[in-house]
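A.B. asks: Turn this into a model:
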Amino acid sequence: LDIDLASVSYGNGDWALRVDNVQSLKNGDVVKLGSDYDEALGEPGELYEYKGPDGDVDIGLSNYNNVALWQKVEASNATTPLQVHAYIQNSDVDVDGYVALTADSTATIDATVNAISVAVAAASGKTLTLSGAGVLTFNKIATSVKAYVDGDGSPANSAGRFTTDGQNADGNGLSLIASDDSTVSANTLAASVAGSLGADSATAISIGLSLAFNTIENDVAAYIMNVDDIDIEYGAKVMAESDATITAKSTAASVAIAVGAGGTSIAVSGGAAIAQNVILSTTNAYIDDSTVTFVTDLDIDAKSTSNIEARVIAGSAAVAVGSGTSIAASIGVSIARNFIGWDPTSSVIANYDSTQQGVDLVTGNVVEIKDGARDGDFYEYVGENKTGVDMVIEDYGNTSLWKLVSVSPNAVEVQAYIRDTGINASGAVTLDAIGNEIINALSVAGSVSVAAGGGTSVGFSAAGVYTENRIRSNIKAFIDGGEIADT
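C.D. replies: Reported below is the predicted structural model:
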């Protein structure tokens, strides 16, 4: 029974027949519960995403109701990575020439979504015009790209011998290369115009909203594992390389114009642009739990580039002209959230929400934000206990009182290493881990209101910008002898 975690098939009915339910999980892996799973521990047949640290987990006895470790997901939202694997597993190899395994993936999303709305009304009496335009786009790439030789970890089944006597053009008898190039280009535009002209009173209301959510989540690896005897006449190269790029432009524009020749003129306009971009990737090149009896030069490389280019622009204008009272109101809001090595989708249980009043706060309480720029975020209270708190006006940006807990660290991992492996090399042994993480973000909001009337004139204009950029990486090149005394 070959069960692949990426195909969302763990924990099916047949899995109960297996003796060993312990599996090595990574944060973000998805498990499907069997139809006969204990209902006290989780809902049978449902999907759960693992949110805990990487490591061995007994998926047959786990409590999937533990929100610190598991998050229930809908089947339509479950991540099923595109797999590109080149491998030799549980096999003896004896080749007169050389062995080259290459897994190469290129994934591209190029999305352009525009919405434009124009409404104009003219009449000899009263006029009312409403116009609205909105766009929402979700773009996600998830890949699993691997090139490897694996003896399967069991002494009885492990690959006993791996021998090559030839070399390729680069002088290598063994070449394992896994590479991924993933690109998301997303452009969203929402534009709304409302015009109202009346001989009496005139009212125009216009709203434009642009939302873009982009994610790249890749696992790239090249490795040798659980092989007893590796004899390579020439050199060996093990390389994993990942390049993830998100280019996002979210634009919203709104204009409202009201002209009332004989009465009141009211113009209301609102424009909001929001973009969230996330890159979560692992890039590992390594040799683990093996023995290299002979090799000339050994080169192990892990290289990763993560790049986010974000442009978020919102503009709003309201113009009201009338012989009587004129009122113009305009609001522009721009929000940009960019994460490399941070997961903004962590599941947290809240004690309160931001709309409640008269709350008795205790240190450790969690509040869910229900509106505004932080909508959907969870904050833990770290201040002293207090009573009668109005959660509506709390300053959740005050880090001395509040800590963001819905954005959890999930560092971009770039590792080149040798672990629990004996190596006899006649030449150089080199390990390189290179990571390059970049966020370039521009967030702009503009708002204009003009009110002109023969009587009272009121103009209100507001613009707001919220930008959050986070990078977290784990870059290592190392040799670890582990438990083998002669490594």
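A.B. asks: what is Glu368 paired to in the beta sheet?
C.D. replies: Counting by DSSP bridges, Glu368 is bridged to Asp353, Phe378.
A.B. asks: Neighbours of it, how many?
C.D. replies: Applying other Cβ atoms under 10 Å, we find 20 residues neighbouring Glu368. C-beta: built from backbone N, CA, C; applies to glycine.
A.B. asks: just checking, it touches Ala350?
C.D. replies: Yes: the pair Glu368 / Ala350 is scored as a contact, 3.8 Å apart, by Cβ atoms under 8 Å.
A.B. asks: shared neighbours, the two?
C.D. replies: With contacts defined as Cβ atoms under 8 Å, 6 or more residues apart in numbering, the residues shared by Glu368 and Ala350 are Phe378.
A.B. asks: Show me how far stretch 168-188 is from its chain's centre.
C.D. replies: From the chain centre to the centre of stretch 168-188 is a distance of 21 Å (Cα atoms, centre = their mean, to the nearest Å).
A.B. asks: Give the buried residues for that stretch.
C.D. replies: 168, 172-188 (16 or more other Cβ atoms under 10 Å).
A.B. asks: Could you list which of those residues belong to strands?
C.D. replies: Under the assignment DSSP state E, these contribute 172-188 to strands.
A.B. asks: so Val465 sits right up against Val444, yeah?
C.D. replies: Yes: Val465 is in contact with Val444 according to Cβ under 8 Å; the separation is 7.1 Å.
A.B. asks: what touches both of those two?
C.D. replies: Ser334.
A.B. asks: Low-confidence regions, the stretch 151-300 of the chain specifically.
C.D. replies: Within the stretch 151-300 of the chain, the stretches with pLDDT under 70 are 152-160.
A.B. asks: any chance you could map the strands in it?
C.D. replies: Assigned by DSSP state E, counting those that start in this stretch, the stretch 151-300 of the chain shows strands spanning 162-164, 172-198, 202-225, 230-232, 235-260, 265-288, 291-295, 298-322.
A.B. asks: how about those in CSV, adding distance to Leu136?
C.D. replies: Shown next, in CSV, are the strands of the stretch 151-300 of the chain (distance: least, Cβ to Cβ, whole Å):
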stretch, distance to Leu136
strand 162-164, 51
strand 172-198, 8
strand 202-225, 5
strand 230-232, 52
strand 235-260, 10
strand 265-288, 10
strand 291-295, 53
strand 298-322, 15
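A.B. asks: now for these, which one comes closest to Ala133?
C.D. replies: Smallest distance to Ala133 across the strands of the stretch 151-300 of the chain (Cβ to Cβ): 4.1 Å, for strand 172-198.
A.B. asks: Now do the closest one against strand 235-260: the angle between them, please.
C.D. replies: 0 degrees (axes from the mean of the first three to the mean of the last three Cα atoms, to 10 degrees).
A.B. asks: List the neighbouring strands of strand 172-198 plus their orientation.
C.D. replies: strand 99-123 (parallel), strand 235-260 (parallel).
A.B. asks: Go through these and pick out the most buried.
C.D. replies: A comparison of the strands paired with strand 172-198 by mean neighbour count, using mean count of other Cβ atoms under 10 Å, puts strand 235-260 on top with a mean of 26.
A.B. asks: Tell me which residues touch Leu33, please.
C.D. replies: 11, 42-48, 64.
A.B. asks: By neighbours, which of those residues wins?
C.D. replies: Comparing the contacts of Leu33 by number of neighbours (other Cβ under 10 Å), Gly11 comes first, having 27 neighbours.
A.B. asks: Mind pulling the model confidence for that residue?
C.D. replies: pLDDT recorded at Gly11 is 34.
A.B. asks: residue ranges with poor pLDDT in the stretch 351-487 of the chain?
C.D. replies: Scanning the stretch 351-487 of the chain with the threshold set as pLDDT under 70 gives 373, 482-487.
A.B. asks: Strands of that one, start to end?
C.D. replies: Using DSSP E, counting those that start in this stretch, the strands found in the stretch 351-487 of the chain span residues 352-353, 359-361, 366-368, 378-381, 386-389, 402-404, 408-409, 412-419, 422-425, 429-453, 457-471, 473-480.
A.B. asks: Of those, which is nearest Gly322?
C.D. replies: Per Cβ to Cβ, nearest to Gly322 of the strands of the stretch 351-487 of the chain: strand 429-453, 4.8 Å.
A.B. asks: Let me have the strands of the stretch 351-487 of the chain in TSV, extended by distance to Thr283.
C.D. replies: Below are the strands of the stretch 351-487 of the chain laid out as TSV (distance: least, Cβ to Cβ, whole Å):
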stretch	distance to Thr283
strand 352-353	39
strand 359-361	42
strand 366-368	34
strand 378-381	30
strand 386-389	45
strand 402-404	27
strand 408-409	17
strand 412-419	5
strand 422-425	22
strand 429-453	8
strand 457-471	15
strand 473-480	10
